[in-house]
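Asker: Could you look at this predicted model? Sequence included:
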2 protein chains.
Amino acid sequence: MSADTKPHEALKNYLLAALTVEDFERVVGKLDLVLFRLGDVLYESGERMENVYFPTTAIISLLYIMQNGATAEIGVVGNDGVVGIALFMGGETMTNRAVIQSAGEAFRMKEKDLKAEFARGGRFQALLLRYTQALMTQISQTAVCNRLHTIEQQFCRWLLLSHDRLNSDKLVMTHDLISNMLGVRREGITLAAKKLAAQHLIENNRGTITVIDRQGLEDAACECYAVVNEEYNRLLGRGISRTFH
Amino acid sequence: MSADTKPHEALKNYLLAALTVEDFERVVGKLDLVLFRLGDVLYESGERMENVYFPTTAIISLLYIMQNGATAEIGVVGNDGVVGIALFMGGETMTNRAVIQSAGEAFRMKEKDLKAEFARGGRFQALLLRYTQALMTQISQTAVCNRLHTIEQQFCRWLLLSHDRLNSDKLVMTHDLISNMLGVRREGITLAAKKLAAQHLIENNRGTITVIDRQGLEDAACECYAVVNEEYNRLLGRGISRTFH
DNA sequence: TACGCTATGTGTGTTATCGCACATAATTGT
DNA sequence: ACAATTATGTGCGATAACACACATAGCGTA
């Protein structure tokens, strides 16, 4: 397999791609490719997980669901990371739901296999922990952004984080869905989208948002996006931002 | 020392107290007691840390500082945890500032000693990782709370989290300081404090807030406090909430 | 005891966002 | 082609929080 001319699909996930050849060869045998559709749930709040997932083309949203049904996203995971950190962090469950925000593929690894790999204590463990710290930074910045910034700024941050994890400029996503992620009204997103479209930063069609001016979007966002992006670069040793695609 | 009749001060920190006798005996030799005053900074954003701290009576706030000087707390650490997780998570630095919110003591451990202990991979490592997951839950809930709840509800959550980590009902803290933590205006806190005082949940004197009706405060808070508290109990195997004092 | 500093209380007008209602437009199914 | 469904656009009054201004009150100390 290492002699293949075509690189393994799993290398599309940056965590897996950062393994040594030796580690990768061993780990790859324990991975299964899974296809997810929009809305699929990888785990529920408080639910015991049986697998972790290393996304390649899928994007997963970590959502908190309030007792009254209101929702708010605390973070997003794509080909930069892994879903199911509670399995190696030792908590077994989390207080959020992991839901597919953008259809695509991910590699599944069984709990037992993951724990065995983690316990080896080598590069894989170090990578998983550094990724977890990066995710903490993203969640922290979500908290800050929710506190201090406007819907429009948050929408920009959210678009950029999604765009980074997508190999297309087209986000298939309704305003309503986005509003659930950001924990705001649907009308708030409609308004923000119109404003960004008027500045020619995005195109805003029924069910899809297309990124037109990536740099313009970054300028329109608050500092939160840049802080998170730089921390991911620093911790995971490569850009996940568009600059590096 | 294990034969002492008086329990070691370090046992006031729940992470250290959860170690096996053997682990504790070894670790305790590497701890130094430090006294902190209000406002002391344990590390700055992006600054290389040289120690971790296991608080006993001190309370530490993890603050994000925006470029324009605005601040927002992302989490709070007391005798339930440890400050400086970046040292074992592998990132070395974080994007926030750790600042003393309530004067008191903490045990300091050198980076090298901590990393050596972590690398042993035993109970101490497991505890540190589970604590990190608990902290992630707290940060997540801060994000949710910032998004969906009123200043008054957030103030209740904040009071409860602080009260849990304090061995007194008196919080020495100005409205101005609290407003910096919550990322709101000082007047907003004055108003919320007056409302809670009118309901006899707290007493609101110059420079101090005294918790009068703990249960009433919990009822006035949003679900965010309960979610975090339950998750700490589940992950760290003991209550840090007042119920268990 | 009086002065000065710090903390808290309060009022006014503004803004962002909300909740709700409803119109319009795009897509899907028959 | 038409009806039904889904997505988006828009208006309006309510509310929470903001910024700013300034009054009062508690505390330390000269």
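Answerer: In hand now; what should we look at? Numbering: from 1, shown residues only, chains lettered A, B, ... in the order given.
Asker: and chain A, which residues reach DNA strand D?
Answerer: Neighbours of DNA strand D within chain A, by C-beta under 7 Å from any atom of the strand: A:174-176, A:186-187, A:190-191, A:193-194, A:204, A:206-207. Yep, even glycine has a C-beta here, placed from its N, CA and C like the rest.
Asker: Quick check: A:Leu161 touching A:Val228?
Answerer: Yes: proximity of A:Leu161 to A:Val228 meets the contact threshold set by C-beta atoms under 8 Å, at 7.3 Å.
Asker: Can you list the buried residues in stretch A:36-55?
Answerer: By neighbour count with 16 or more other C-beta atoms under 10 Å in any protein chain shown, stretch A:36-55 contains the buried residues A:36, A:42-43, A:49, A:51-55.
Asker: so which helix or strand takes in the residue nearest to A:Phe118 when sequence neighbours are not counted?
Answerer: Distances taken as C-beta to C-beta, 6 or more residues apart in numbering or on different chains place A:Phe88 nearest to A:Phe118, at 4.4 Å, with adjacent residues excluded. Assigned by DSSP states H and E, A:Phe88 falls within helix A:86-89.
Asker: again with A:Gly188
Answerer: helix A:186-198.
Asker: isn't there a helix covering A:Leu38?
Answerer: No: counting by DSSP: H, G, I helix; E, B strand; the rest coil, A:Leu38 falls outside a helix, being coil.
Asker: Just the buried ones from the residues of chain A next to DNA strand D, in ChimeraX syntax?
Answerer: Buried subset of those, written as a ChimeraX selection, criterion 16+ other C-beta under 10 Å:
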select /A:175,193,204
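Asker: need the residues of chain A next to DNA strand D in TSV with pLDDT and distance to B:Gln101, can you?
Answerer: Listed next are the residues of chain A next to DNA strand D as TSV, based on pLDDT from 0 to 100; distance: C-beta to C-beta, whole Å:
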residue	pLDDT	distance to B:Gln101
A:Thr174	97	42
A:His175	98	40
A:Asp176	98	40
A:Arg186	98	38
A:Glu187	98	38
A:Thr190	98	40
A:Leu191	98	38
A:Ala193	98	40
A:Lys194	97	42
A:Asn204	97	44
A:Arg206	97	49
A:Gly207	95	46
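Asker: how about the helices in chain A?
Answerer: A:14-17, A:21-28, A:86-89, A:111-120, A:123-148, A:151-164, A:175-182, A:186-198, A:214-220, A:223-236 (DSSP state H).
Asker: what's near enough to touch the residue most central in space within chain A?
Answerer: The centroid of chain A falls nearest to A:Val77 when counting by C-alpha atoms, centre = their mean (1.8 Å). Contacts for A:Val77 were tallied using C-beta atoms under 8 Å, 6 or more residues apart in numbering or on different chains; they are A:55, A:59-60, A:62, A:83, A:98, A:135, A:165.
Asker: same question, A:Cys224
Answerer: Contacts of A:Cys224 by C-beta under 8 Å, 6+ apart are A:141-142, A:144-145, A:149, A:153-154, A:157.
Asker: list the helices and strands the helix holding A:Phe88 packs on?
Answerer: Secondary-structure packing of helix A:86-89 (3 or more C-beta pairs under 8 Å, 6 or more residues apart in numbering or on different chains; DSSP states H and E): helix A:111-120, helix A:123-148, helix B:123-148.
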